[in-house]
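**Q** A predicted structure for the sequence below; I have some questions about it.
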Amino acid sequence: MIQSIVFLIVLGIASWIAGKKFLAIRRNILLGKDEPDVVDNGLRWKNVFLIAFGQKKMFKRWIPAVLHGFIYVAFLFTQIELIEIVIDGIFNQHRFFRPMLGGMYTFLISTIEVLSLGAFIATLIFLARRNLLKIPRFHKSEMNGFPKLDGNIILYLEIVLVICVFMMNGADEVLFNRSLTHANGVEGMAGSFNFAITEHLGPMLFGGMSDGTLAVVERIGWWGHIMVVLAFLNYLPISKHLHIMFAFPNVYHAKLASRGQMQNMPAIMNEVKSMMDPDAAFADDGGADEELPDFGSKDVFDIGWRDVLGAYSCTECGRCTSVCPANLTGKKLSPRKIMMDIRDRAEEVGRNLDSGNVELIAEDKRADEKVLTADNYDDGKSLFDYITKEELHACTTCNACVEACPILINPLEPILKLRRYEILTESAGPSEWLPMFTSIENSGSIWAVPDARDKWTQLIEKENPPS
Amino acid sequence: MAKPLEIKTMEQLAAEGRAPEVLFWVGCAGSFDARAQKITIAFSKILNEAEVDFAILGTEESCTGDPARRAGNEFVFQMTALQNIEIMNMYKVKKIVTACPHCFNTIRNEYPDLGGNYDVVHHTQFIQELISTGKLKMKEGGEYKGKKITYHDSCYLGRVNGVYEAPRQVLENLDSQLVELKRSRSNGLCCGAGGAQMFKEDEPGDKRINLERVEEVLSTGAEIVAANCPFCVTMLQDGIKAANKEDQIMVYDLAELIVNNNGF
């Protein structure tokens, strides 16, 4: 009874805190704009099945794909055990599913044990890959500090989790051998759970322990398991590990329009159309008084919410950066850093919004508005405080980062939106681009060439003079 | 015997009351860059030999706007794009072929939103179709027979538009030995020119991107690197020059290889 109450309190508090944090993240993502994309829900679900559930794109690099696959499948299956733990915890049961599932239960828990062992080994290899092997993508400058620690914390928690599973099942196995288990349906009987690994591992590790110690080990395993899960739940919102949830919606919402299609800007298109159309030139009166809107994006408020969702979904694996031609040749641009910066900025804005600090209300709105909202927010900062122009300018738009991401995050989209802001709103950008712009505008060519565009045809005549 | 080649413009044909089956979109590089002009002429010869009914826009063609748009200048993009669309719609253009993957991408993927809907193919796809339908007869045992050729996927034909096979099938017709680069198809490495990089100095770094790519090209031991983009050709050529390997390897567009093989 007391255990049930303690369990409910712990579960309640952990869920409450995590729930609040997840709602804040949802709010932060929706700070971004709603942008049009191809409507094809069938294709979106297909992507979720193949790319999110099926991990299709992970297999571009098969070693990490197999290792990650173990942890991923173990994670999926462990949810069954987790549901049981929650039911057991609330209703003071022990192995609630066992009587109703019978042999299936043995099979499921055995599967979980085998997968957990696989995940355990994979986690150790991942720790070695991160810390001992010098895999360049784990050692880029944006990984210094918390991101590096973050990567390791998750792996340590994973190890604790697996150890707890084996403690719980192993000790319970020995208790069952001694007819001391409380498991539903077999209380007071002697026997074996026949779980694939702990049937052997349990007696081997815990066989020499006293009945009292065994009961404690089993409870440490049980409580440890659920505590690590609840700790995870509360750690996810500040961690790269959020991808275990967000990968799915991110894949669903990923851009479906062609990679080669930059978002059209209808406002500018219509402006140019009316400039070209002599009849329409004067039709649009009153337009001159309107303040010119900002074009492109400078902050989380004016990139797409898909971009912010991508930023929160990023697990900082660095596949994008490891294939970026700019990064490979020593330029500052790293697509991963762009996504990390967007998340950091969204978090900063979110924290400030939560603070309700009225000093963050834009100066020109302070007289009328007394409550800080996303609409009147102005902290004097923007994404450009995180992402430098140098990074943006180095992008070749080659789409290698887009191709590389296993969960369809698109770092190119925000890069191009920020470039648009720099060129269109700030009228800045690399000065060497100006002659190209001017030349296209004046002579319809990327280079200012005095020759006619069809002059090359004369070269043919030179080659084969007409007879 | 090479057939006499005369390039007609859409305007000339319209004056004769005719419209060609296909518009050859030449692009800025193809029109003005001395190296790319050779590719333009080579592809014109192929069209001519295969008796394709084609014309160019000539002086009525403008930049598609790709580098301006990717640099961030939507105004300049819209101005040049809408002008092109107006002209092409006036001529009721239906099918377009171009030897530039940037033009190909922009007209194919970005012009529809602006009111320009055309069937756009890249010249490597077009050549492949001419060969497979028998309209272009390949001379067997040409000058590339048995030679080691490697192929550089351009980003905008390959990764962006998913065209990987057509150019490779064209190369197979040369009886040469195709050696793949380490980073090819969807993993292909950029030449460094895209996203308006062509028009500015590199950002500070360790190396130029084209040199990184050329080192990979050289490691194949190929005598020829085939490309499908005038900007890639320039970047690869510059990289080979910087590596002092001009006597070891040549850069050609696929159209040029076909013309050299067939002796047009």
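**A** Done, it's in.
**Q** going forward, measure contacts and count neighbours with C-alpha atoms only.
**A** Will do.
**Q** residue contacts, A:H253?
**A** By CA atoms under 8 Å, 6 or more residues apart in numbering or on different chains, the contact set of A:H253 is A:44, A:306.
**Q** now B:E74
**A** Shown in contact with B:E74 (CA under 8 Å, 6+ apart): A:265, A:268, A:420, A:424, B:68.
**Q** is it true that the third one touches B:A68?
**A** No: A:R420 is not in contact with B:A68 according to CA atoms under 8 Å; the separation is 10.2 Å.
**Q** thinking again about what came up before, out of the contacts of B:E74, which one sits closest to A:F97?
**A** Lowest distance from A:F97 to the contacts of B:E74 (CA to CA) belongs to A:M265, with 56.4 Å.
**Q** what's the closest one in contact with, if anything?
**A** Going by CA under 8 Å, 6+ apart, the list of residues near A:M265 reads B:E74.
**Q** Give me the nearest residue to the most centrally placed residue in chain A, chain neighbours excluded.
**A** Taking CA atoms, centre = their mean, the centroid of chain A lies closest to A:S313, which sits 1.1 Å from it. Nearest residue to A:S313, sequence neighbours excluded (CA to CA, 6 or more residues apart in numbering or on different chains): A:H243, at 4.6 Å.
**Q** wait, doesn't the one you found sit right on A:A311?
**A** No: A:H243 is beyond contact range of A:A311, at 9.8 Å (criterion: CA under 8 Å).
**Q** and chain A, what are its domains?
**A** Listed domain ranges for chain A are A:2-239, A:309-428, A:431-467 (source: automatic domain parsing).
**Q** Packing partners of the stretch of helix or strand A:F437 belongs to?
**A** For A:F437, the host element (DSSP states H and E) is helix A:433-443. On a contact count with 3 or more CA pairs under 8 Å, 6 or more residues apart in numbering or on different chains; DSSP states H and E, helix A:433-443 meets helix B:66-71, helix B:74-90.
**Q** Now render those helices as a markdown table, adding mean pLDDT.
**A** Shown next, in a markdown table, are those (pLDDT from 0 to 100):
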| stretch | mean pLDDT |
| --- | --- |
| helix B:66-71 | 98 |
| helix B:74-90 | 98 |
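**Q** want to throw the ones you listed into TSV with distance to A:I25?
**A** As requested, those are exported to TSV (distance: least, CA to CA, whole Å):
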stretch	distance to A:I25
helix B:66-71	31
helix B:74-90	32
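**Q** Spell out which parts of the stretch 151-300 of chain A neighbour chain B.
**A** Counting by CA under 8 Å from any CA of the partner chain, the stretch 151-300 of chain A comes close to chain B at A:258-262, A:264-265, A:268-269, A:272-273.
**Q** Just name the closest of those residues to A:K46, please.
**A** A:S258 (16.8 Å).
**Q** if we can go back for a sec, point out the most buried one among the domains of chain A.
**A** Most buried of those by mean neighbour count (mean count of other CA atoms under 10 Å in any protein chain shown) is domain A:309-428; its value is a mean of 21.
**Q** So what would you say the end-to-end distance of that domain is?
**A** Using CA to CA, to the nearest Å, the end-to-end distance of domain A:309-428 comes to 29 Å.
**Q** Run the chain-centre distance for it.
**A** Counting by CA atoms, centre = their mean, to the nearest Å, domain A:309-428 is centred 14 Å from the centre of its parent chain.
**Q** next one: stretch A:82-93
**A** When distances are taken as CA atoms, centre = their mean, stretch A:82-93 is centred 30 Å away from the chain's centroid.
**Q** Can you name the residues that contact the spatially most central residue of chain B?
**A** Note on chain B: the residue nearest the mean C-alpha position is B:A99, at 2.9 Å, using CA atoms, centre = their mean. Contact partners of B:A99, counting by CA under 8 Å, 6+ apart, are B:25-27, B:30, B:39-40, B:43, B:122-124, B:228-230.
**Q** mind checking how far it is from chain A?
**A** 15 Å (CA to the nearest CA, to the nearest Å).
**Q** For that residue, give me phi and psi.
**A** Dihedral angles of B:A99 (phi, psi; degrees, to the nearest 10) stand at phi -100, psi 10.
**Q** again, but for B:P167
**A** Torsion angles, degrees, to the nearest 10, at B:P167: phi -60, psi -40.
**Q** So it versus chain A, what's the distance?
**A** Taking CA to the nearest CA, one finds B:P167 at 19 Å from chain A.
**Q** And for the residue lying closest to that residue once chain neighbours are set aside, the neighbour number?
**A** On the basis of CA to CA, 6+ apart, the spatially nearest residue to B:P167 that is not a chain neighbour turns out to be B:T124, at 5.2 Å. B:T124: 31 surrounding residues under other CA atoms under 10 Å in any protein chain shown.
**Q** Quick one: the helices in the stretch 301-450 of chain A, in order.
**A** Using DSSP state H, counting those that start in this stretch, the helices of the stretch 301-450 of chain A run over A:305-313, A:319-323, A:325-328, A:335-355, A:389-393, A:400-404, A:412-420, A:433-443.
**Q** Could you dump those helices into TSV with mean pLDDT added?
**A** Shown next, in TSV, are these (pLDDT from 0 to 100):
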stretch	mean pLDDT
helix A:305-313	98
helix A:319-323	97
helix A:325-328	98
helix A:335-355	98
helix A:389-393	98
helix A:400-404	98
helix A:412-420	98
helix A:433-443	97
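**Q** Include distance to A:E187 when you put these into JSON lines, please.
**A** As requested, the helices of the stretch 301-450 of chain A are arranged in JSON lines below (distance: least, CA to CA, whole Å):
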{"stretch": "helix A:305-313", "distance to A:E187": "45"}
{"stretch": "helix A:319-323", "distance to A:E187": "51"}
{"stretch": "helix A:325-328", "distance to A:E187": "62"}
{"stretch": "helix A:335-355", "distance to A:E187": "50"}
{"stretch": "helix A:389-393", "distance to A:E187": "65"}
{"stretch": "helix A:400-404", "distance to A:E187": "53"}
{"stretch": "helix A:412-420", "distance to A:E187": "60"}
{"stretch": "helix A:433-443", "distance to A:E187": "79"}
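**Q** Write out the residues of the stretch 301-450 of chain A neighbouring chain B.
**A** Residues of the stretch 301-450 of chain A lying close to chain B by CA under 8 Å from any CA are A:323, A:325-326, A:329-332, A:390, A:393-400, A:403, A:416-417, A:419-424, A:430, A:432-433, A:436-437, A:440-441, A:443-447, A:449.
**Q** Tell me where the model's unsure across chain B.
**A** Along chain B, segments meeting pLDDT under 70 span B:1-2.
**Q** Break it into its domains for me.
**A** B:10-129, B:138-262.
**Q** gap between the last one and the chain center?
**A** Put plainly, it is domain B:138-262. Distance of domain B:138-262 from the chain centroid (CA atoms, centre = their mean) equals 11 Å.
**Q** quick one: terminal-to-terminal distance for that domain?
**A** Length of domain B:138-262, first residue to last, CA to CA: 6 Å.
**Q** do the same with the first one
**A** Domain B:10-129 has an end-to-end distance of 23 Å (CA to CA).
**Q** before we move on, the earlier item: the residue nearest to B:P167 against B:E256, yeah?
**A** No: between B:T124 and B:E256 there is no contact under CA under 8 Å: 11.1 Å.
**Q** which residues do these two both contact?
**A** Joint contacts of B:T124 and B:E256 (CA under 8 Å, 6+ apart) do not exist.
**Q** Kindly compare burial across the helices and strands packed on helix A:433-443 and name the winner.
**A** Most buried of the helices and strands packed on helix A:433-443 by mean neighbour count (mean count of other CA under 10 Å) is helix B:66-71; its value is a mean of 26.
**Q** Looking at A:M1 now. What's its pLDDT?
**A** pLDDT, A:M1: 76.
**Q** Need the pLDDT of the closest residue to it other than its chain neighbours.
**A** Distance criterion CA to CA, 6+ apart; nearest residue to A:M1, sequence neighbours excluded, is A:N92 at 6.7 Å. Reading off the confidence values, A:N92 has pLDDT 91.
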